[in-house]
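> Provide a 3D model corresponding to the input given below.
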Amino acid sequence: ERALRVWDIEWAESRVIAKFTSHINILSMAPDGHCVVVGDDDTLRVWDFEKGRSRLLHKYTSTPPAVAITPDGWAVSATSGSEPLRAWNLETGENRLLLGHTNRVFAVSVTQVGRRVVLGTGDRTTISSRGIPRANPVLRPTLRVWDIKTGESRVLTGHTALVSHIHMMPDGRQAITRTF
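Next up is the predicted model:
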């Protein structure tokens, strides 16, 4: 169908609000319900319900695997390639790059307060766990915690497999993760 459909679950009725030429891979609703961010094979768009139209946020070189929206209206999108993590203010279109991860991002989540973004990524490292340099980089499963306002981040390690899902606890101080 390749369509965005809004459902009235009480009356079991729906209406198509947008059609796409490629598959919709990711979808995230703004907490206030005024818009939804949609990712297809190579673009990320924001659909504004009040205006009845969409606008392009970004064109990717590959499919974006994850998107999350902060309560204060920032869309944070992960990439499936080597592109940096990006954040957009959905009202103004302001775009920020969040640099630091060195490989594909598999999962993204934001705190309900909207201050932090947590990524499940496989950063490439050339140093072994014993501090010995490696000839070939390997993927190291990590969580990266970003402060979306300052752009600062820190890395949390401990998983032995790549993180596929992240859910933030309501207080924003803890996250539950699941690996592949």
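> distance-wise, check the closest residue to Gln174 other than its chain neighbours relative to Leu143.
Once flanking residues are discounted, Gln174 sits nearest to Met168: 7.7 Å by CB to CB, 6 or more residues apart in numbering. All C-beta spots, glycine's among them, are computed from the backbone N, C-alpha and C. Here Met168 is placed at a distance of 11 Å from Leu143 (CB to CB, to the nearest Å).
> now do the shared contacts for the two.
118, 175 (CB atoms under 8 Å, 6 or more residues apart in numbering).
> look at the most centrally placed residue in the chain and report its pLDDT.
Compute the mean C-alpha point of the chain, and by CA atoms, centre = their mean the closest residue is Val67, 2.8 Å away. As predicted, Val67 sits at a pLDDT of 86.
> one more: Ser80?
Residue-level pLDDT assigned to Ser80 equals 60.
> tell me which residues touch the closest residue to Gly172 other than its chain neighbours, please.
Nearest non-adjacent residue to Gly172, counting by CB to CB, 6+ apart: Thr111, 3.4 Å away. By CB under 8 Å, 6+ apart, the contact list for Thr111 reads 70, 117-118, 168, 172.
> please pick the buried ones from those.
70, 117-118, 168 (16 or more other CB atoms under 10 Å).
> farthest pair within the contacts of Thr111?
Thr70 and Val118 (11.8 Å; CB to CB).
> what touches both of the two?
With CB under 8 Å, 6+ apart as the test, Thr70 and Val118 both reach 110-111.
> hmm, Leu56 is touching Thr43, no?
Yes: counting by CB atoms under 8 Å, Leu56 touches Thr43, with 6.1 Å between them.
> out of the two, which sits in the busier spot?
Thr43 (17 against 10; other CB atoms under 10 Å).
> and Ala175, what are its bridge partners?
Met168 (DSSP bridges).
> change the start of the numbering to 323 and stick with it
From this message on, residue numbering opens at 323, which makes the last subject Ala497.
> just checking, it touches Ser431?
Yes: judged on CB under 8 Å, Ala497 makes contact with Ser431 at a distance of 6.7 Å.
> which neighbours do these two share?
Common neighbours of Ala497 and Ser431 (CB under 8 Å, 6+ apart) are 440, 488-490.
> show me the shaky parts of this structure.
400-405, 422-424, 445-460 (pLDDT under 70).
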